[in-house]
Every structure is written in C-alpha cells, then in structure tokens.
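Asks: With the input below, show me the fold.
(one chain, ligands or ions: 1)
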Amino acid sequence: MYNYTLHQQLHATLEEKNIAVAGSDNLFYTRFIANATAIDALYRELYGQHPQGAALFPKLINTITEAFISRSEVLKARDVSKEQQGHWFLSNELTGMSLYVDRFSGNIKSLEQKLPYFEKLGVNLLHLMPIFESPSGESDGGYAVSDFRKVDSRFGTLDDLLHLQEKMNGKNMYLMLDIVLNHTSHRHEWAKKAKEGDLEYQQFFYMYPDRQLPDQFDATMPEIFPESSPGNFTFVPEIGKWVMTVFHSYQWDLNYTHPAVFIKMLETIFFYANLGVDILRIDAPAFIWKQLGTTCQNLPQAHTILRLIKQCVQVAAPGMALLGEAIVAPKEIMKYFGTGLYTARECDYAYNATHMALQWDALATGDTKVMLAAQHEILQKPFGSSWITYTRCHDDIGLGYDDYMIAHAGYEAFHHRKFLKDYFSGAHPNTPAIGALFSVNPKTNDARISGSLASLCGLEKAINNNDPAAIATSIKKILLMQAHCFFLGGTPMLFYGDELGYTNDYSYLSDPGKSYDNRWMHRPLIDWNKNSKIDKKGSIEEIIFSGTQKLISIRKNLPVVADHKNLTWMTPHNIHVAGYLRTYEDKKLYAIFNFSPQTAYLTWYAFKEHGHAANKLFDHWTGKEMKVGHDNEYLIIEPYGFHLLEA
Ligand code: GLC
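Replies: Here you go, the predicted structure:
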C-alpha cells in the first residue's frame, strides 16, 4: 500500500543529504522506494510499541542513506555488475575457504602474499575468521568482539584489510567476514559502560538485579557450552547484576528489543559492507531474540530482524549477500531463507549443516538412507537463495537432523546417534577415526563432535600405524566427502588445512585461553614446510591437494552445478550409494558416491529414470567415457569411490 507519510519522510532525508534522485543516485532511490514499505512494516513489528521506537525511525532512514553516501564508487559499480549477473552467488565458479588469518599465515599482510596459493587451488572466496578486536584468552576464536571497527593488532590494521580487499578484487576474488550480531565481549565499550552503572547501556544487554528472571529463562533455555560455560547468565560483581551470556561468560547477549541496539548494529553492518565485503556471515542469528518461556532460539522476531537487515542492505549495499549461520534443526534452518511474503528475502545463504552432518552419518554407517530421508526438507530451499556446503568448519559437528529421519531409515535414534558419537570420538573399538566429544551435556545426553576432516576420515590413525592401505583409504574418504558436498548445489566452503589433510592439532591443550574448548583441535597452525609438499608428487599432501584442486576445477567448468534449484535425488537402488542428478537446459550431470568400504553395484537402469537416457556418460573425475549398459548390468563403483558423469 502507498504510504504517503513514509515517502515524504524519505524524500525529506534524501533531499537534505543531496541525493540525486533523478540523476546518478536514481538506482539507489528506486531501491529505497521499493523497499521502504517493508522496512517500515518490519521496524514497526519489532519496535512499534517501544517508547523510543517512533523517535528512532528517522535514524534508521538516515543510517541507510549515510551508508550509501559513504559507499565507494568502485563498490557501487560492483553492486551494479552483480545485479546485472542476476543472483551472482549461485554461480558454479565460486569456491571458498574459511581460515584464521593468524594461524594460516601470521597476519593480513602475509595473507596477501598467499593469494597465489588460493589461485593455484582454485579458491576465489575467502572467509576470514573474526579479525576485529577481541581480548586474547577470552575471545572464542574472535567471536567475542570488543571493538567492531578496529582490526585486532594481532592481524594488522584496517588499512591492511582494505589493501587485501583491493588486491583480491583485482583478482576477481570475493571476501566474506563475520558480523557477530548476538553478543559483544564483556570488554566492549557498551559493556564497560554498563559495568560502570550507566543505565542506558545496561539496557543494551539483558540485565537483572537478582536470579528471579534468570532462573525462569534457564528453565527453558538449552545450554550451548554446558561443560565450559554452564547456564545462560553471569554475575557482574561491579554492579551486582546478572547478565545474559548464552555462549561463554565473557560474551554478553545484546538486547534487540531496544531499537538503539538494532540501529547501532546496522551501522556496523554497513561499515563492513563498505569495506567491500561480498558475503556477510551473520553469526548465530538463531539466538538474537529472547523471550521467557521459550528456548530463545529461532523465534519469529529473530527472523523479523534478519528481514529488516536484508531490506536495508538491499537498498544501500545490494551487492553484499547475507549468510545466516543458523546451525539448527533442518526445518528451522529453512526458515532463514524467508517464508511467506519474505520467501527468498531474508538470508541469501545458509549453511547446509543438515547435509554436512548426514554425510558424516553415511560415512560411518556406509548407508545413505538417513541422508535420503532428510532431503525432502532440504529441497524446499527457495530459488534465488543458496547453501554454503561443507564437510568441516571451525565448529563442531552437531548431529542436528531429526529423529524421524533416522527412524525412517530403520534405526533407533538414540542408539544410532550414540554409535556415531562413539565412531567419531574414537570410542568405538574398530573406528578409524580420531576425534573427541564436544559440549557433552549429561543432563540431556547431548554431545557434538570435534576433529579435523582428515582425522575423522582415518588419516591420523593410519599415519600413526604406518599403514599405507589405511592411508590410501582415508584419502579416498576425504575426497569422497569433499566431492559430495562440492556438487550438491551451493558454494563449497573448504576449511583451511583440509585441502592437504591436516590432522588434529593438540597444541591447544597447553594454551589456557583455548584448552577448555576442544574445537581448537581442528583449527590447525599452518606449517608452510608441510604445505610445500603439495608439490612433491605422491606425498599425502600432494594427493589430497591435487584431488581437491581437480574437483574445484571440474566444478568451475560445469555451469550445470550452479545452484539453480536443479537437483534431483536418484532412486536408491543401492543403499550404500548416494546419487543425485543436476540438470540445466540440455545438460545433465549424475554425481554418484559409494559410502561403503565395499565395491558397490548400481543398475544402469538408474540412469534411465529421469527423462531421455544417454548412451554414453563422460566421467569428469576419471576422464573416462562409459557406455550405459543394460538394465540388468551395473556401474561398478570402488569402495569410497565416486563418479561425476555428464550425459
Ligand atoms: C557461532 C560460531 C562459533 C561461536 C558462536 C558464538 O556459532 O561459529 O564459533 O562460538 O557463534 O559466537
């Protein structure tokens, strides 16, 4: 509906700021007009009843306008070119890597020297793990930010970052950074002021004078780090109050019921956008709204906040895509793409955490039934949005898929999950994996899994046992896992070190700032002598690196794997084999994976079920051509082997 007052308000701001609505800024103006009604409605939904809600709305309009004004011409041109490409981030040409700058190369300057390494591998999107100021020893890997705008001196300066971004831009590489939206470090300026007794800033957090409300919250809120940080509140002795700390005690949850908090964080989002961030990873969005009597996760208002952010970003920095890091139940993850009127208008990306965990399930059991049972949920993803697909990241592996999916596959959920945890933590007698349980909660029997891709695939144990056959098997598993997530649709995100098989790193145990958190075992310190072995033919590093490199290059040359919502699962003729079909225009790619330690046989009939059947298939992985056989004959797939067959 046309909202006269709103548009007058908008015009007044734009005029005051000398925006050339009919001239060079016309695209911005058009986007603003197109999104204004939604911005107004979403804001009112959240803050309509707040005493400062109406008074702060002009500030929101101002923030968006200022963000556009301070956006560089280079970035504005990049916005236009991305818009012309359509959904630029659906492309098969994007491949990412997440890394800790200090652990990878030392600092931002030296990271710039490593750009050729990424180019060699084929990676053109870098996710730099949090680089803004964070107190050492209380940093949660940088996710406890004490200054959202100051690059931590450990990594370098803001200028170094800008220089890197410019260099990357020149090489057609993309940058992803985090906004840690849910909380600040207890050493952030706002928290410090709150500790000094400033009531205005105390309102920025969830603070209570006694245990009455905290106890009520705790009754329904799960614990995120039950071992290292039990409960959801921390006592602040300076003021004798309790503050909500869902993650660690040094991470104070921001109170988004206050519009000033929202606007300040939106300003930070634009600050990152104007540094040239291409994909903004919104950390832990599931937690950003709290309400008594609930789990305080995935609440409708959390989605309203994300939608509001999306509409604002769309106006001033449309080239920046939003990734919602919601590692929650499958049904809940899907909602981060938006629902109803906001379908595909919330987060552009989400992590395919469900599928990630299901791949580990299939690897341990050699059975793909649970994976298949989950697909009808995952396939609901709306067109125009995409997944980050991955096998490992800096976090633990949570077996977050639903019990009914396990039951559908014929297993009993409790025992099935127990088997998986035993298998990957190394407790199971015959497991090749070396990992550990993370955040064990004896009250709920919950636990997640830590460990690097290589160690969970058996490489660490195989090396310890000096067992060449087991080493070869583990390498096959590593490439199988990567291939399966690379072709599934979405942007593959490698985790640094996995491209050459880094096993667990136990040095964290002697660092008091890390030893309480075993996720550090899979966050390696890169040793560039080891990395130089990627050039030594036949070394473990070389085999894994060149395999990964080959997978990336195959993907880049196959537009059929761009995320056009063009994935169909093949009929499970063999439960050990996962097969999916990607189709685009007249192109067809069958991706077939054997998750079992035995040779698998797949009837050729499987290739005749989805429209016109080809006589010949070209396998991009082996470079060989195959003849499609008779229905009673089989495609033979090696143990942990896979094929990428183009019709
Ligand atoms: C996200 C991060 C994780 C961190 C948490 C709290 O889940 O990935 O590493 O501990 O948020 O910020």
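Asks: just how off-centre is stretch 208-218 within its chain?
Replies: Here the centre of mass of C-alpha atoms in stretch 208-218, compared against the chain's by Cα atoms, centre = their mean, to the nearest Å, lies 32 Å away.
Asks: ok, now how distant is Val277 from the ligand?
Replies: Note on Val277: its distance to the ligand, by Cβ to the nearest ligand atom, to the nearest Å, is 17 Å. Any C-beta I mention is one placed from the backbone N, CA and C, and that applies to glycine too.
Asks: what's the pLDDT at that residue?
Replies: Val277 carries a pLDDT value of 98.
Asks: In the stretch 51-200 of the chain, which residue sits nearest the ligand?
Replies: Of the stretch 51-200 of the chain, the residue with the smallest distance to the ligand, taken as Cβ to the nearest ligand atom, is Tyr143 at 3.3 Å.
Asks: show me what contacts that residue?
Replies: By Cβ atoms under 8 Å, 6 or more residues apart in numbering, the residues touching Tyr143 are Pro130, Ser134, Asp178, Val180, Phe247, Gln251, Asp283.
Asks: Leaving out sequence neighbours, find the closest residue to the second one.
Replies: Closest residue to Ser134 in three dimensions, ignoring its sequence neighbours and counting by Cβ to Cβ, 6 or more residues apart in numbering: Gly142, at 4.9 Å.
Asks: how near is the residue of the stretch 51-200 of the chain closest to the ligand to Glu646?
Replies: Here Tyr143 is placed at a distance of 41 Å from Glu646 (Cβ to Cβ, to the nearest Å).
Asks: contacting residues for the residue of the stretch 251-400 of the chain found nearest the ligand?
Replies: Among the residues of the stretch 251-400 of the chain, Ala284 lies closest to the ligand, at 4.1 Å counting by Cβ to the nearest ligand atom. Contacts for Ala284 (Cβ under 8 Å, 6+ apart) come out as Val180, Leu181, Asn182, His183, Phe247, Glu325.
Asks: Try it again at 10 Å.
Replies: 143, 178, 180-183, 224, 246-247, 251, 253, 297, 302, 324-327 (Cβ atoms under 10 Å, 6 or more residues apart in numbering).
Asks: what does the stretch 151-300 of the chain have sitting close to the ligand?
Replies: The stretch 151-300 of the chain has residues Val180, Phe247, Asp283, Ala284 near the ligand, with proximity defined as Cβ under 6 Å from any ligand atom.
Asks: let's go with 8 Å and repeat that
Replies: Counting by Cβ under 8 Å from any ligand atom, the residues of the stretch 151-300 of the chain lying close to the ligand are Val180, Asn182, His183, Ile224, Phe225, Phe247, His248, Gln251, Asp283, Ala284.
Asks: With the chain instead?
Replies: If contact is defined as Cβ under 8 Å from any ligand atom, the residues of the chain in contact with the ligand are 140-141, 143-144, 180, 182-183, 224-225, 247-248, 251, 283-284, 325, 327, 393-395, 519.
Asks: redo that, cut-off 6 Å
Replies: Along the chain, the residues adjacent to the ligand under the rule Cβ under 6 Å from any ligand atom are Asp140, Gly141, Tyr143, Val180, Phe247, Asp283, Ala284, Glu325, His394, Asp395.
Asks: Most neighbours of all these, which one?
Replies: In terms of neighbours by other Cβ atoms under 10 Å, those top out with Val180 at 25 neighbours.
Asks: Off-centre distance for stretch 334-354?
Replies: On the basis of Cα atoms, centre = their mean, the separation between the geometric centre of stretch 334-354 and that of its chain is 13 Å.
Asks: Skipping adjacent residues, who's closest to Gln549 in space?
Replies: Closest to Gln549 by Cβ to Cβ, 6+ apart is Leu121, at 5.4 Å.
Asks: Isn't the one you found up against Ile552?
Replies: Yes: with contact defined as Cβ atoms under 10 Å, Leu121 reaches Ile552; the gap is 6.6 Å.
Asks: got any residues that touch both of those two?
Replies: Contact criterion Cβ under 10 Å, 6+ apart; residues shared by Leu121 and Ile552: Thr95, Leu494, Glu499.
Asks: Now, those that are in strands?
Replies: For the shared contacts of Leu121 and Ile552, the ones inside strands are Leu494, with DSSP state E as the criterion.
Asks: I'd like a version of the shared contacts of Leu121 and Ile552 in CSV, one that adds pLDDT and neighbour count as further columns.
Replies: Written out in CSV, the entries for the shared contacts of Leu121 and Ile552 read as follows (pLDDT from 0 to 100; neighbours: other Cβ atoms under 10 Å):
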residue, pLDDT, neighbour count
Thr95, 98, 24
Leu494, 98, 28
Glu499, 98, 27
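Asks: what stretches of the chain score poorly on pLDDT?
Replies: Judged against pLDDT under 70, the low-scoring parts of the chain cover residues 1.
Asks: Kindly format the C-alpha coordinates of the lengthiest helix in the chain as PDB.
Replies: Ranked by residue count, the top helix of the chain under DSSP state H comes out as helix 26-47. Output of helix 26-47 as PDB, limited to C-alpha atoms (Å, rounded to 0.1, in the frame of the first residue of the first chain):
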ATOM      1  CA  ASN A  26      18.500   7.100  -9.200                       C
ATOM      2  CA  LEU A  27      19.100   3.300  -8.700                       C
ATOM      3  CA  PHE A  28      19.500   3.800  -5.000                       C
ATOM      4  CA  TYR A  29      16.400   6.000  -4.900                       C
ATOM      5  CA  THR A  30      14.400   3.300  -6.700                       C
ATOM      6  CA  ARG A  31      15.600   0.600  -4.400                       C
ATOM      7  CA  PHE A  32      14.700   2.700  -1.400                       C
ATOM      8  CA  ILE A  33      11.200   3.400  -2.600                       C
ATOM      9  CA  ALA A  34      10.700  -0.200  -3.500                       C
ATOM     10  CA  ASN A  35      11.800  -1.400   0.000                       C
ATOM     11  CA  ALA A  36      10.600   1.400   2.200                       C
ATOM     12  CA  THR A  37       7.200   0.000   3.000                       C
ATOM     13  CA  ALA A  38       8.700  -3.300   4.000                       C
ATOM     14  CA  ILE A  39      11.400  -1.600   6.100                       C
ATOM     15  CA  ASP A  40       8.700   0.500   7.800                       C
ATOM     16  CA  ALA A  41       6.500  -2.500   8.500                       C
ATOM     17  CA  LEU A  42       9.300  -4.700   9.800                       C
ATOM     18  CA  TYR A  43      10.600  -2.000  12.000                       C
ATOM     19  CA  ARG A  44       7.100  -1.300  13.400                       C
ATOM     20  CA  GLU A  45       6.600  -5.000  14.000                       C
ATOM     21  CA  LEU A  46       9.700  -5.000  16.300                       C
ATOM     22  CA  TYR A  47       9.600  -1.600  17.800                       C
END
